[in-house]
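Chemist: Coordinates for the following, if possible.
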Amino acid sequence: MSRRPKTFAELLEPREYVWPKRGDRLLRATDDWEKAVTFSAPAFDRHVHIWAGYMRAGDALVEEAERESVDRDFLVYPILFVYRHGLELAIKWTIEQYGRYVDVYLDHQNLNHNLWQLWGLCKQVIVGVGDNDEDDDLSAVEQVVKDFHDLDKNAMAFRYSRNKDGTTIMLPNTPIDLGNIQRVMEAVDHFFSGVDGQLDAYTSAADW
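Modeler: Numbers count the residues shown, from 1 in each chain. Sure thing, here's the model as predicted:
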């Protein structure tokens, strides 16, 4: 696989460049199962695979940024974007799977990327179905959701440099610990996986 040059010296080295050619197609069938990938057929499985995939992509990008320090200033945006999207998918999964037991539903006509609004619904589900009072774990995850929401209210800040009105999207101007982001998001992912197991057990055993 072609690798982009990392330094000015590498840029000057002779190398073979990949270039578009006639016949290129994005999706090409293959019989090589060592390299092949398939999409999950049922939407039920696909949602979980997408959720897990974005979280794993964030981990992989952090590890690459730590391996190649010159990449950090470039990769921080996709790192935060994929973690944010993984978090959004985890929240929506919880609402869609268990919200009906406490009359909480996603409005698919007006479905948006506002994490704080989505978390409000998700929290109702976790507390209502799980019959749990607010605890330290829930509060910790809520703070992470709020951190993401304050940074990026509409899933724009890590994809574009400007808002739709042309104004610059403002982000913190302080050094960020990428390793901490990875650790925090791993913990958040574990929380939602645990919640899924807990709520599944409650709803399977209870007479709703």
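
Chemist: from here on, contacts and neighbour counts on C-alpha atoms
Modeler: OK.

Chemist: Low-confidence ranges, this structure, go.
Modeler: The chain contains residues with pLDDT under 70 at 1-15, 109-111, 132-134, 206-208.

Chemist: center of it, which residue is that?
Modeler: Nearest residue to the geometric centre of the chain (Cα atoms, centre = their mean): Gly86, 2.2 Å.

Chemist: surely that residue meets Met55?
Modeler: Yes - between Gly86 and Met55 there is a contact at 5.4 Å, judged by Cα atoms under 8 Å.

Chemist: I'd like to know how many residues surround Cys122.
Modeler: 25 (other Cα atoms under 10 Å).

Chemist: how much space between it and Phe192?
Modeler: Going from Cys122 to Phe192 by Cα to Cα, to the nearest Å gives 11 Å.

Chemist: Identify the contacts common to those two.
Modeler: Common contacts of Cys122 and Phe192, defined by Cα atoms under 8 Å, 6 or more residues apart in numbering, comprise Ile91, Thr94.

Chemist: and the residue nearest to the centre of the chain, what does it touch?
Modeler: Shown in contact with Gly86 (Cα under 8 Å, 6+ apart): Ile50, Trp51, Ala52, Gly53, Tyr54, Met55.

Chemist: Narrow those residues to those that are buried.
Modeler: Those of the contacts of Gly86 that meet the buried threshold are Ile50, Trp51, Ala52, Tyr54, Met55, by 16 or more other Cα atoms under 10 Å.

Chemist: quick check, nearest of those to Leu115?
Modeler: The nearest member of the buried ones among the contacts of Gly86 to Leu115, counting by Cα to Cα, is Trp51 at 14.9 Å.

Chemist: Now do the SS call for that closest one.
Modeler: For Trp51, the secondary structure call by DSSP: H, G, I helix; E, B strand; the rest coil comes out as helix.

Chemist: Make sure it is actually in contact with Thr94.
Modeler: No - under the criterion of Cα under 8 Å, Trp51 is not in contact with Thr94, lying 11.6 Å apart.
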